[in-house]
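>>> Fold the following.
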Amino acid sequence: MERREYGNTGMQVSMLGFGAAEIGFIQAEARTIERLLGSALDSGLNLIDTGECYGDSEELIGQAVGHRRSDYYLFTKCGHGKVAGYERPDWEPSLREETIDRSLKRLRT
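Okay, the predicted model is just below:
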């Protein structure tokens, strides 16, 4: 799979990435998600995009490919108040820190 530098970060990312919003909402079996993400990584894809606001997407990714963490770059959204189950304003500094920590645990990274 063709790769390109991501901005000036030095990261070489696949031209195609996996947008994980859908897997957080379709209630697919963990085995199906593991097969899907495993096939994508085996094919050379190395970018996964998710978010705390995508249902249980982060947990499913962590369960399915957490053991392959060095095979991909992971992007996730954080800092959402009500969407993430918090009664605090979006982007509040302590909320961002808390949601980042929660996402890291969910993603097993």
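>>> My read is that residue 16 contacts residue 43, right?
No: shown here, residue 16 and residue 43 do not form a contact pair, counting by Cβ atoms under 8 Å, at 9.0 Å. The way it works is simple: take the backbone N, C-alpha and C, and place the C-beta from them, glycine included.
>>> quick one, which of these two is more surrounded?
residue 16 (14 against 11; other Cβ atoms under 10 Å).
>>> Strands of the chain, start to end?
Chain-ordered strands for the chain, with DSSP state E as the definition, fall at 3-5, 12-14, 18-19, 47-51, 73-77.
>>> Dump those strands to CSV, plus mean neighbour count.
Shown next, in CSV, are those (neighbours: other Cβ atoms under 10 Å):
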stretch, mean neighbour count
strand 3-5, 11
strand 12-14, 16
strand 18-19, 18
strand 47-51, 21
strand 73-77, 18
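>>> would TSV of these with mean pLDDT and distance to residue 87 be doable?
Supplementary listing: the strands of the chain in TSV, determined by pLDDT from 0 to 100; distance: least, Cβ to Cβ, whole Å:
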stretch	mean pLDDT	distance to residue 87
strand 3-5	97	41
strand 12-14	98	36
strand 18-19	96	29
strand 47-51	95	19
strand 73-77	93	19
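>>> Can you lay out these as TSV showing distance to residue 95?
What follows is the strands of the chain, written out as TSV (distance: least, Cβ to Cβ, whole Å):
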stretch	distance to residue 95
strand 3-5	32
strand 12-14	28
strand 18-19	24
strand 47-51	15
strand 73-77	13
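>>> Which one of the ones you listed lies nearest to residue 94?
Nearest to residue 94 among the strands of the chain is strand 73-77; the distance by Cβ to Cβ comes to 17.2 Å.
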